[in-house]
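*Asks:* sequence plus predicted model, see below.
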Number of protein chains: 2
Amino acid sequence: MSAPPIDRAVPGLDAYLEEVEARLEQAVGRYPGLVADAGSEALSGGKRLRPLLVFLAAPIDRPPTVAAAVSIELVHMATLVHDDLIDGASLRHGRPPVWSAHGDQAAVTTGDYLFARAFAELATTGDVGAAAILAEAAVALSRGEALQRRQAYDPDTTIESYLERCALKTGKLFEAACKLAGGSGEFGLALGIAFQIADDILDCTGDAADTGKIPGTDLREGTPTLPLLLAAREDDVVRAALAGGPLEGALVRVAATSALEQSRKTALDYARRASEALDGTVRREELEALTHAAVDRTR
Amino acid sequence: MSAPPIDRAVPGLDAYLEEVEARLEQAVGRYPGLVADAGSEALSGGKRLRPLLVFLAAPIDRPPTVAAAVSIELVHMATLVHDDLIDGASLRHGRPPVWSAHGDQAAVTTGDYLFARAFAELATTGDVGAAAILAEAAVALSRGEALQRRQAYDPDTTIESYLERCALKTGKLFEAACKLAGGSGEFGLALGIAFQIADDILDCTGDAADTGKIPGTDLREGTPTLPLLLAAREDDVVRAALAGGPLEGALVRVAATSALEQSRKTALDYARRASEALDGTVRREELEALTHAAVDRTR
């Protein structure tokens, strides 16, 4: 999100995010060396959407621990480092990802380090339920990555199976962020899916200068996202491109179908489900603003 | 170890290891698909030394949880899957490793899955101290892997720095195994270092048919192990080979130096330290047998 999605004047939010930032730096830098350096680069430029979510999802009278947001963000970063390696991504937050800057081996190890640091940070809270929540989300992330491999270049991937991937790759960590904060996991899961669909739309329409990523990546890598799957139903050139055929002009053709609009509707539908899962104990207004910002964004 | 290192007639041991085996299969197979299949292959053929250690290190009147051994073994397996990918190892337990059988991407994801499953299993115990212990060991493993990268092809690596790597890559997980069991972490750390030195000696002397690994791997990859570092002090050809020069005949020359004997002495010294850390509350006799077996082994 290019503009802060919610009013940073929410009492305590700024201080919380600053603490999270400081603790993230400490957590990663604790053992100086290559993994700390690479881990630190991986951290820089992140939107910190998940820490924000942890704060807002917590009951107003019970602020979340800093460790909750730190551990969620570290797992997210670990996953990005490994995913960028797996996908051969050439840009992350507008910079070369760890594998590209430091090599494949360093990327595997840096991801492992960030992942382990996440559990180490969370363990400091003394809350064993928290460790179970984070572990469940981490299992989901790897299953989501495996599912993405299985779906690659398959234009017959069902929408249901795509949505399962969104839940595993994005939704479950959002869910964990909310649960660790003592908030509604259901809200987090729906928000995560809405967020992922918006991300997949952006990959079709976005500009690298805004998103810090190269647009059209999903099509090039045969990742069947909602807009691409829907466009493939209307356009055989898109379908062939998604199956690994020629890419020439395919992205422009996606924009000419009804796929982007339909995908946007689905994202809004999940945003609505997210809102409905909120109850009176939380910062409903801010969370709804966050939800809309997640769907309506340019990066 | 080709023969069981200790008498399997220790009351309860067989039943415990069988339960561990069944739970490992369940834990890995819980979400069928590529990562479960690849994870299951990674599990097969392991010696289960760490689960054995968990059982023996526990106070006699307080048997360890099955989850303790399962989580330790899963972290170990996750690390092997990633390390084999990083090292380009062509053989593991006498079979092609995950990266070779299923590709690099599957290896990254399978390791992540096993790692996350480990924390998920451990969280079922409701013991938050346990999660902290496992996380600390996991952080050490990734630091050890990074240290190994830094030391690669450097024949001037100090013995101290080599021993630190042994502690990080092997000792800390042995330490965690003992701590999770409620036993002596000091014993586990020393045993792990002894075990790693023995492993490094085997890489110089072992036979692929016995070890299930290709001998001479450390020299080929420029990994400065204790026997190679000591041999390099006596023999310039070994030194040059360790620095990335010609390998021709270098391994045979290692055997002609005093390095193997000296390394064996260091391993025995750590084995002695391990024994000294034992107290009367544990299965001292069996743990000493295990310690000697760890040093005196052919695979």
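*Replies:* Thanks, I have the structure now. Note that this is a predicted model, so its numbers are computed, not measured.

*Asks:* quick one, what contacts A:Leu191?
*Replies:* A:53, A:171, A:174, A:270-271, A:274, A:290-291, A:294 (CB atoms under 8 Å, 6 or more residues apart in numbering or on different chains). (C-beta placed from N, C-alpha, C; glycine too.)

*Asks:* what's the helix or strand for it?
*Replies:* Using DSSP states H and E, A:Leu191 sits within helix A:185-205.

*Asks:* how about that helix: buried residues?
*Replies:* A:185-204 (16 or more other CB atoms under 10 Å in any protein chain shown).

*Asks:* kindly report the same for stretch A:245-253.
*Replies:* Buried residues in stretch A:245-253, defined by neighbour count with 16+ other CB under 10 Å: A:245, A:250-251, A:253.

*Asks:* got it, and stretch A:268-278?
*Replies:* A:268, A:270-271, A:273-275, A:277-278.

*Asks:* which ones among the residues you listed map onto strands?
*Replies:* Judged by DSSP state E, strands contain none of the buried residues of stretch A:268-278.

*Asks:* dump those residues to JSON lines, plus distance to A:Val108 and pLDDT.
*Replies:* Conversion of the buried residues of stretch A:268-278 to JSON lines gives the following (distance: CB to CB, whole Å; pLDDT from 0 to 100):
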{"residue": "A:Leu268", "distance to A:Val108": "38", "pLDDT": "95"}
{"residue": "A:Tyr270", "distance to A:Val108": "33", "pLDDT": "96"}
{"residue": "A:Ala271", "distance to A:Val108": "35", "pLDDT": "95"}
{"residue": "A:Arg273", "distance to A:Val108": "36", "pLDDT": "95"}
{"residue": "A:Ala274", "distance to A:Val108": "34", "pLDDT": "95"}
{"residue": "A:Ser275", "distance to A:Val108": "39", "pLDDT": "92"}
{"residue": "A:Ala277", "distance to A:Val108": "37", "pLDDT": "93"}
{"residue": "A:Leu278", "distance to A:Val108": "39", "pLDDT": "90"}
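
*Asks:* skip the chain neighbours and tell me the closest residue to A:Val254.
*Replies:* Distances taken as CB to CB, 6 or more residues apart in numbering or on different chains place A:Ala231 nearest to A:Val254, at 4.3 Å, with adjacent residues excluded.

*Asks:* then A:Ser161?
*Replies:* Nearest to A:Ser161 is A:Gln151, by CB to CB, 6+ apart, at 6.6 Å.

*Asks:* re the thing from before, and the helix or strand hosting the residue nearest to A:Val254, what other elements does it pack with?
*Replies:* Using DSSP H and E, A:Ala231 maps to helix A:226-234. When contacts are defined as 3 or more CB pairs under 8 Å, 6 or more residues apart in numbering or on different chains; DSSP states H and E, helix A:226-234 packs onto helix A:159-166, helix A:185-205, helix A:236-242, helix A:250-256, helix A:259-276.

*Asks:* now it: buried residues?
*Replies:* Applying 16+ other CB under 10 Å to helix A:226-234 flags A:226-232 as buried.

*Asks:* and the helices in the stretch 1-150 of chain A?
*Replies:* A:13-29, A:34-43, A:49-57, A:66-87, A:98-102, A:104-123, A:128-151 (DSSP state H, counting those that start in this stretch).

*Asks:* save those helices as a markdown table, and put in distance to B:Gly222 too.
*Replies:* Compiled in a markdown table, the helices of the stretch 1-150 of chain A are given as follows (distance: least, CB to CB, whole Å):
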| stretch | distance to B:Gly222 |
| --- | --- |
| helix A:13-29 | 28 |
| helix A:34-43 | 16 |
| helix A:49-57 | 40 |
| helix A:66-87 | 23 |
| helix A:98-102 | 18 |
| helix A:104-123 | 13 |
| helix A:128-151 | 31 |
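
*Asks:* between the ones you listed, which one is nearest to B:Val75?
*Replies:* helix A:104-123 (9.0 Å; CB to CB).

*Asks:* hmm, the closest one in reach of chain B?
*Replies:* Yes: under the criterion of CB under 8 Å from any CB of the partner chain, chain B is reached by helix A:104-123 at A:104-106, A:108-113, A:115-117, A:119-120, A:122-123.

*Asks:* nearest to B:Arg165 among those residues?
*Replies:* Closest to B:Arg165, out of all of the residues of helix A:104-123 next to chain B and judged by CB to CB, is A:Thr109, at 13.2 Å.
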